[in-house]
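Engineer: Next input, structure requested:
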Amino acid sequence: MQTTWKGTISFGLVSIPVHLYSATQEHDVPLHQVHAKDGGRVRMKRYCEREEKEVPYAEIAKGYESPDGRTVTLSDEDLADLPLPSKKIIDVLAFVDEGEIDPLMFSKAYYVGVADKAAAKPYALLRDALTESGQIAVTKIALRTRESPAVLRVHDNTLVLQTCIWPDEVRPAAGIAPEGDVTVRPQELKMARSLMDTLSEDFDLAQLHDDYQQALQQVITARLEGVEVPHEEEPGEAPDNVIDLMEALRSSLKRAKGGRGAGAEETGAEEAGAEESGAEEEPAPRRRAPAKKSAPAARKTAAKAGSDTAAKTAEKDAAKGAAKGATRSSAAKRTTTRKPSAPRKAS
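Structural biologist: Numbers count the residues shown, from 1 in each chain. Predicted coordinates:
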């Protein structure tokens, strides 16, 4: 790697000679400015307004224009000789928990390597102390034409210096978030958490790729080969007004699951949906179905029910027979006790 900066880390009375190396690189497709009419390359020329001619890069310096119109010219030597301690020294100012620095302040990252073999032990000492404490070191550093706050932390057993912006360079977020009290129901929050868990399953950041660069390369290749430029169907427009938040969450959860099949998250989602339905409308109470009996118990119950029915039928028949006998006996008695009628006289 190419060295970006050379200097020393000052850790109390301990000095560690180090080099900085850029830790990141972007993989953009290089594009140039050309004349749209004929494809001719468009060049940017350094043109001096006073002399009305092009000047070479070696004669370029930096300048500052004051409010009254005067210009102050600053050469590279002027910038290199600034009375600034952080030009060559990374002075450790404090050690804090990583959560105390808002990630919004982080800027560019640099790997920190030792400048010579003698720096290996103090380098390892600082690295191991940061690892054991779980803290990061707050420092300042001057790179090129800017002094910045920075932090030292450990990544893959290597010290990393991450430059930051100054706290007053962070714009306030006032007026950005929705104003007023917005009520989120527990059912909606539970469904959102279920969706979060589903989207987090088996996630691997290394599997992400740059779709824009890939599509751009396909267009360039098609133009070079003289074939039709590939086109992709435009996705449908996203709704600009979510009316039913629960329904949107359910649909999102179903889409996120895809072919994964039902799981614990789906069960949680169904429970959340059931709670949501219960909160909106109380269902009518259901009658409790009688418990099913086992086969032997059912046969025993059926036999008992049959014997009881037969007994009751016999009792009814006996009662009917007794009633009929009593009726006949009563009729006979009435016949015997009745007086015979007198014979009619012959005329």
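Engineer: And the helix or strand harbouring I90, what does it pack against?
Structural biologist: Element membership of I90 [criterion: DSSP states H and E] is strand 89-91. For strand 89-91, the contact count by 3 or more Cβ pairs under 8 Å, 6 or more residues apart in numbering; DSSP states H and E identifies strand 3-11, strand 135-143 as packing neighbours. All C-beta spots, glycine's among them, are computed from the backbone N, C-alpha and C.
Engineer: Return the angle between stretch directions for the last one and strand 3-11.
Structural biologist: If I follow you right, that is strand 135-143. Interaxial angle of strand 135-143 relative to strand 3-11 (axes from the mean of the first three to the mean of the last three Cα atoms, to 10 degrees): 130 degrees.
Engineer: what's the next secondary structure element after strand 135-143?
Structural biologist: Immediately after strand 135-143, counting by DSSP H and E, sits strand 146-155.
Engineer: Can you give me the neighbour number for T221?
Structural biologist: A count of nearby residues for T221, using other Cβ atoms under 10 Å, gives 12.
Engineer: Next: the one 4 residues further on.
Structural biologist: One way to gauge burial is a neighbour count; for E225, by other Cβ under 10 Å, it gives 8.
Engineer: can you start the count at 32 instead of 1 from here on
Structural biologist: Understood, numbering begins at 32; the last thing we discussed is E256.
Engineer: Determine which stretch of the helices and strands packed on strand 120-122 is the most buried.
Structural biologist: Of all the helices and strands packed on strand 120-122, strand 166-174 carries the top mean neighbour count, a mean of 20, counting by mean count of other Cβ atoms under 10 Å.
Engineer: strand partners of it, parallel vs antiparallel please.
Structural biologist: Strand pairing for strand 166-174, determined by DSSP bridges: strand 125-128 (antiparallel), strand 177-186 (antiparallel).
Engineer: Could you export that strand as PDB, CA atoms only?
Structural biologist: Below are the C-alpha coordinates for strand 166-174, written out as PDB (Å, rounded to 0.1, in the frame of the first residue of the first chain):
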ATOM      1  CA  GLN A 166     -12.500   1.700  24.500                       C
ATOM      2  CA  ILE A 167     -11.300   3.900  21.700                       C
ATOM      3  CA  ALA A 168      -8.600   6.600  21.900                       C
ATOM      4  CA  VAL A 169      -9.600  10.200  21.000                       C
ATOM      5  CA  THR A 170      -6.900  12.100  19.100                       C
ATOM      6  CA  LYS A 171      -6.200  14.900  16.600                       C
ATOM      7  CA  ILE A 172      -4.400  14.800  13.300                       C
ATOM      8  CA  ALA A 173      -3.500  17.200  10.500                       C
ATOM      9  CA  LEU A 174      -3.800  15.600   7.000                       C
END
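Engineer: hang on, the earlier thing: mean confidence score for the strand holding I121?
Structural biologist: Mean pLDDT, computed over strand 120-122, is 92.
Engineer: So what touches it?
Structural biologist: G38, T39, I40, S41, V49, P116, T170, K171, I172, A181, L183, L192 (Cβ atoms under 8 Å, 6 or more residues apart in numbering).
Engineer: any low-confidence regions in the stretch 232-378 of the chain?
Structural biologist: Where the stretch 232-378 of the chain drops to pLDDT under 70, the residues are 265-274, 290-378.
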